[in-house]
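[1] Requesting a structural model of the entry that follows:
(one chain, ligands or ions: 1)
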Amino acid sequence: MSTIENIDVIPQSGWTGAEIRGVDIGKPLSAAQVGVIKQAILRWKVVFFRDQQLDHAAQIAFGSQFGEVTPGHPYEGDVAPPEFPEIHTVSPKAYGKRYGQSYQKRLSANGPGWHADVTPLINPPAYSILRAETVPPYGGDTQFTNVAAAYEGLSPALRALIDGLRAEHRFGANINAERSDERVGDWVRSKPLASIHPVVRVHPESGEKVIYVNPSFTRQIVGLTPRESRHILDLLFEQVALPEYTARFKWEPGSVAFWDNRAALHLAPRDVEHLGFDRVLHRITLVGDVPVGPDGKPSESLSGEAFLAARPRETAAA
Ligand code: SIN
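    Have a look, this model is predicted:
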């Protein structure tokens, strides 16, 4: 544990996640407090706060101190709460409304749904901040994994190979959304989102190399045969999910998780649907940069616009 500016940073596992104590994130933060939180995220990829009293406006105000807040989601439609286009509610009801009733239940062709938020965008959100409103009495934990550590855990020869590769990320590709007659099908057909990103991304702040593919959105490695692509992606998906790189966060009312989508993947739980428990969380995301690979080449957009601030900075969360 370290204590700076009266803030405790308490690591939760060897690579991933730290709990931050001693700061009320519902109040404006000092520059020093912002600095401590940023450093903790840079080191641990995700930080957790407990017992916070945030509503939508306070969550947006908190996030605005770390970057510009985006709309809730490129496919948010009319699901965001009135007056808060930045809020993306995560609950079975909200997902049903946003994408259709069977979206949640459709398992990805690539197995578990580890992902960083909306990587099919040309500039996927840099950070996400998720706040718990209603949590199940048990189950419903979110898992996180450190993709910089996962990259370092590969052999030098494999790292050299993947350093030069690029891959297509496409929203809905791994659940065949384009063939769906539900709302998710309308979204991906009318407003497709797809980009080519480097398989290894250089983190713009730490300079670390990270594995930048995920089973939810990465469709295929460019320039390889489908079979070659499948094998390399499967190996990387297995690598990022190794238990030693992961941490598991148990939600309580008032809990907040704040992660760096450029250095962590997360996995939403699938262990509460059959229990019928309520689970309602609210997420905001902060504007991200265009990924760059080890060769210095940026990503290319195939389809979709850059994802920018929901409103000008001075009026955000006014
Ligand atoms: C998300 O993917 O942002 C939601 C994670 C969760 O439901 O735990």
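
[2] residue contacts, whichever residue of the stretch 51-200 of the chain sits closest to the ligand?
    Nearest residue of the stretch 51-200 of the chain to the ligand, counting by C-beta to the nearest ligand atom: Thr142, 3.5 Å away. Where C-beta positions appear, they are placed from N, C-alpha and C, glycine not excepted. Thr142 is in contact with Leu130, Arg248, Phe249, Trp251, Ala257, His266, Leu267, Ala268, Pro269, counting by C-beta atoms under 8 Å, 6 or more residues apart in numbering.

[3] Over to Val118?
    By C-beta under 8 Å, 6+ apart, the neighbours of Val118 are His73, Pro74, Pro124, Pro125, Phe171, Leu193, Phe217, Thr285, Phe307.

[4] hang on, the earlier thing: with distance to Leu42 as new columns, can the contacts of Thr142 be given to me in JSON lines?
    As requested, those are exported to JSON lines (distance: C-beta to C-beta, whole Å):
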{"residue": "Leu130", "distance to Leu42": "19"}
{"residue": "Arg248", "distance to Leu42": "21"}
{"residue": "Phe249", "distance to Leu42": "18"}
{"residue": "Trp251", "distance to Leu42": "24"}
{"residue": "Ala257", "distance to Leu42": "16"}
{"residue": "His266", "distance to Leu42": "17"}
{"residue": "Leu267", "distance to Leu42": "22"}
{"residue": "Ala268", "distance to Leu42": "24"}
{"residue": "Pro269", "distance to Leu42": "26"}
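
[5] Gly113 belongs to a helix, doesn't it?
    No: assessed with DSSP: H, G, I helix; E, B strand; the rest coil, Gly113 is coil; it does not lie in a helix.

[6] My understanding was that it contacts His266; is that so?
    No: between Gly113 and His266 there is no contact under C-beta atoms under 8 Å: 9.3 Å.

[7] Show me which of the two is the more surrounded one.
    With neighbours defined as other C-beta atoms under 10 Å, Gly113 and His266 compare such that His266 has more, 23 against 19.

[8] And for whichever strand or helix holds that one, what's in contact with it?
    Here His266 is covered by strand 264-267, with elements defined by DSSP states H and E. The contact list for strand 264-267 (C-beta under 8 Å, 6+ apart) reads 16, 45-46, 112-116, 128, 142-147, 214, 240, 259.

[9] Show me which positions of the helix or strand following it end up buried.
    Next helix or strand after strand 264-267 toward the C-terminus (DSSP H and E): strand 280-286. Under the neighbour-count criterion of 16 or more other C-beta atoms under 10 Å, strand 280-286 has Leu281, His282, Arg283, Ile284, Thr285, Leu286 buried.

[10] any chance of the contacts of Thr142 in a markdown table, with pLDDT too?
    Below are the contacts of Thr142 laid out as a markdown table (pLDDT from 0 to 100):
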| residue | pLDDT |
| --- | --- |
| Leu130 | 98 |
| Arg248 | 98 |
| Phe249 | 98 |
| Trp251 | 98 |
| Ala257 | 98 |
| His266 | 98 |
| Leu267 | 96 |
| Ala268 | 92 |
| Pro269 | 92 |
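
[11] Could you check the pLDDT of Arg313?
    pLDDT, the model's per-residue confidence, is 66 for Arg313.

[12] Over to Gly153?
    You'll see Gly153 listed with a pLDDT of 98.

[13] Could you do the one 4 residues further on as well?
    With respect to pLDDT, Ala157 has a value of 98.

[14] Over to Lys97?
    Note on Lys97: pLDDT of 89.

[15] Can you list which of the contacts of Val118 are found in helices?
    Among those, no member falls in helices (DSSP state H).

[16] nearest to Glu273, of these?
    Using C-beta to C-beta, His73 is the member of those that sits closest to Glu273, with 20.8 Å.

[17] Against which helices or strands is the helix-or-strand element of the chain with minimal mean pLDDT packed?
    Ranking every helix and strand in the chain by mean pLDDT, DSSP states H and E puts strand 2-4 at the bottom, with a mean of 83. Other elements packing on strand 2-4 under the criterion 3 or more C-beta pairs under 8 Å, 6 or more residues apart in numbering; DSSP states H and E are strand 7-11.

[18] Need the residues that contact the next helix-or-strand element following the strand it packs on.
    Scanning forward in sequence from strand 7-11 by DSSP H and E, the next helix or strand is strand 18-21. With contacts defined as C-beta under 8 Å, 6+ apart, strand 18-21 is touched by 7-12, 36-37, 40, 43-44, 46-50.

[19] Please name the residues that touch the closest residue to Lys297 other than its chain neighbours.
    Residue nearest to Lys297 in three dimensions, not counting chain neighbours: Pro198, with 7.0 Å by C-beta to C-beta, 6 or more residues apart in numbering. By C-beta under 8 Å, 6+ apart, the contact list for Pro198 reads Leu165, Arg166, Tyr212, Pro291, Val292, Gly293, Pro294, Asp295, Lys297, Ser299.
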